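Visitor: Everything below, folded, please.
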Amino acid sequence: MLVACFLMLQPMSTDFYLASLPGLTRTFAASIATVQLTLSVFVIAFGVVQLAIGPLSDRFGRYPVTLFGIGLYVAASIACALAPSIDLLILARFFQAIGCCTAVVVARAIIRDVFDPLAGAKVMAQASTLLAIGPLFGPILGSFLEVRFGFRAIFAALAIFSGALLVATLAKLPETNPHPDATATRPRALFRNYALVLRSPQFLSYALVGAASYAGLFAFISGSPFVLIGVLGVPTAYFGFCFAFCVVGYLLGTIACRRLLARRGIARTLEVGGAISAIGGIAMALLAVAGLKHWAAILVPQFVFMFAHGINFPCAQAGAVAPFPRQAGAAAGVLGFLTMTLAALVGWWIGASNNGTVLPLVLTVAAAGSVVFAAVRGWVVRLPGAAGAP
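Guide: Just a heads-up that it's a prediction; the model follows:
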């Protein structure tokens, strides 16, 4: 439950206030590109800081690093709620990202500490099923809070949730790092561990799958408020339900992932997820190119893509970190850095290419689905042992 809540901080931090994005342009008299920075800066900070958080948890243990991160998240969420300008909101989001990424990196490392790769993938899928509660109900609650009270109430709610999580962590989280590495944060050892991770074909193959799948999700996260509300006329109060519909796809995907893993193993499960990713993304693009301008032409294919993401992301995370039992923090950090760097580029692209149509969003999701499929077929299934029994 704690691992699921740690992982839940990330989607809640991005999805909870999506309905507020169009309103922030009016509240702070800011452009769409500037408002998008509240997402992009969060993602950039989230990605870069993981390179430090992973080794810190290898050096000092999972428990103290987690407490620091969640405490910082609470303080930053309060700062977001009180921000008097868009610049200060962006700055507070930067520190919120540091706290959030700490919890997520440690969660991935804890799973590697405790479970073997296949069991870890199953546990990650189970945790992903639980964390789907956040993005499932978060946007609905966020839409309600935005309509009734404004964006500040959304960040106040995040502060309350993370404060409760901090108390639970203090009381219940055990230390799971059995081999603290006193040299993990020394520059030479740090670069040696990163080089070890980046030289691994298994890591790179699974990391590409996870990063591309998350990029398609993040394209929807950053672009859907402007497309659904601004282009297709969906009322702000209903946006949360639209987003929740797609999250149901993710939830069902995580359940399917656990069942597939039991029969097929990680690599062969990803064959299924990769094919479904391509189907969802390409279908969305074809409907848009055919001229079908309706919210269902976005939401139904995204539901399919999110179903695939529920299969792809838990497997990719477990598969990428599996070769590094003693460098799990460093491997989780590099994985997160690569994933969030690509997501930040996608978020920037969605904001910069906004032209009042659905095309930038749908073509980006189609490209992400195609890359997932190609990475699975071209690299993951060719890895040594990939065709073996679960």
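
Visitor: so how many other residues sit close to Gly61?
Guide: Neighbour count for Gly61, taken as other Cβ atoms under 10 Å: 16. In short, each C-beta sits where N, CA and C put it, glycine included.

Visitor: State the distance from it to Pro180.
Guide: Between Gly61 and Pro180 the computed distance is 6 Å (Cβ to Cβ, to the nearest Å).

Visitor: And Ala75, by the same measure?
Guide: Distance of Ala75 to Pro180, given as Cβ to Cβ: 27 Å.

Visitor: So the two - more neighbours on which side?
Guide: The neighbour comparison of Ala75 against Pro180 (other Cβ under 10 Å) goes to Ala75, with 16 against 13.

Visitor: ok, Gly240 - contacts?
Guide: Contacts here follow Cβ atoms under 8 Å, 6 or more residues apart in numbering; on that basis Gly240 touches 19, 138-144.

Visitor: among those residues, who's most crowded?
Guide: Tallying neighbours with other Cβ under 10 Å puts Ala19 at the head of these, with 31 neighbours.

Visitor: show me what contacts that residue?
Guide: 139, 142-143, 146-147, 225, 229, 236, 239-240.

Visitor: how about the strands in the stretch 101-250 of the chain?
Guide: With DSSP state E, counting those that start in this stretch as the definition, the stretch 101-250 of the chain shows no strands.

Visitor: and the closest residue to Pro135 other than its chain neighbours, what does it touch?
Guide: Excluding the flanking residues, the one nearest Pro135 by Cβ to Cβ, 6 or more residues apart in numbering is Pro11, at 4.1 Å. Residues in contact with Pro11 (Cβ under 8 Å, 6+ apart) are 131, 134-135, 138.

Visitor: Closest to Arg93 out of the contacts of Gly240?
Guide: Gly142 (15.1 Å; Cβ to Cβ).

Visitor: Check what pLDDT the closest one gets.
Guide: The score at Gly142 is 81. That number is its pLDDT.

Visitor: Same check on Arg26?
Guide: The per-residue pLDDT of Arg26 was computed as 86.

Visitor: In what element of secondary structure is it found?
Guide: Arg26 belongs to helix 21-27 when elements are defined using DSSP states H and E.

Visitor: which residues touch that helix?
Guide: With Cβ under 8 Å, 6+ apart, helix 21-27 has contacts from 30-32, 34-36, 38-39, 86, 89, 146, 150-151, 225-226, 229-230, 236.

Visitor: Can you turn the buried part of those residues into a ChimeraX selection?
Guide: Of the contacts of helix 21-27, the buried ones can be selected in ChimeraX as follows, counting by 16 or more other Cβ atoms under 10 Å:
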select :30,32,34,35,36,38,39,86,89,146,151,225,226,229,236
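
Visitor: now, which of the contacts of helix 21-27 lie within helices?
Guide: Among the contacts of helix 21-27, the residues falling in helices (DSSP state H) are 32, 34-36, 38-39, 86, 89, 146, 151, 236.

Visitor: how about low-confidence regions in the protein?
Guide: For the chain, the stretches flagged by pLDDT under 70 are 385-390.

Visitor: Swap in 50 and give it another go.
Guide: Low-confidence segments of the chain, defined by pLDDT under 50: 387-390.

Visitor: All the helices of it, residue numbers only.
Guide: Assigned by DSSP H, the chain shows helices spanning 2-15, 21-27, 32-60, 62-82, 86-114, 117-131, 133-148, 151-172, 187-198, 201-224, 236-289, 295-321, 328-352, 359-378.

Visitor: If we go by neighbour counts, what in the last one is buried?
Guide: When neighbours are counted by 16+ other Cβ under 10 Å, the buried residues of helix 359-378 are found to be 360-373, 375-376.

Visitor: what comes up buried for stretch 167-186?
Guide: Using 16+ other Cβ under 10 Å as the test for burial, stretch 167-186 gives 169, 173, 176-177, 181, 184.

Visitor: Need the residues you listed in JSON lines (columns: distance to Cys257).
Guide: Output for the buried residues of stretch 167-186, formatted as JSON lines (distance: Cβ to Cβ, whole Å):
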{"residue": "Thr169", "distance to Cys257": "26"}
{"residue": "Leu173", "distance to Cys257": "25"}
{"residue": "Thr176", "distance to Cys257": "23"}
{"residue": "Asn177", "distance to Cys257": "27"}
{"residue": "Asp181", "distance to Cys257": "31"}
{"residue": "Ala184", "distance to Cys257": "31"}
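
Visitor: so which of these would you say is closest to Asp113?
Guide: Thr176 (4.1 Å).

Visitor: Hmm, the closest one is touching Ile110, no?
Guide: Yes. Using Cβ atoms under 8 Å, Thr176 is in contact with Ile110, at 4.9 Å.

Visitor: Quickly list what's touching both of the two.
Guide: Applying Cβ under 8 Å, 6+ apart, one finds that Thr176 and Ile110 are jointly contacted by Arg62.

Visitor: how far does stretch 104-114 sit from the chain's center?
Guide: 15 Å (Cα atoms, centre = their mean, to the nearest Å).

Visitor: what does it rub up against?
Guide: Contacts for stretch 104-114 (Cβ under 8 Å, 6+ apart): 3, 6-7, 9-10, 46, 50, 53-54, 57-58, 62, 65-66, 69, 120, 123-124, 127, 176-178, 317-318, 321-322, 324-325, 328-329, 331-333, 335-336.

Visitor: If anything else comes up later, I'll come back, but that's it for now.
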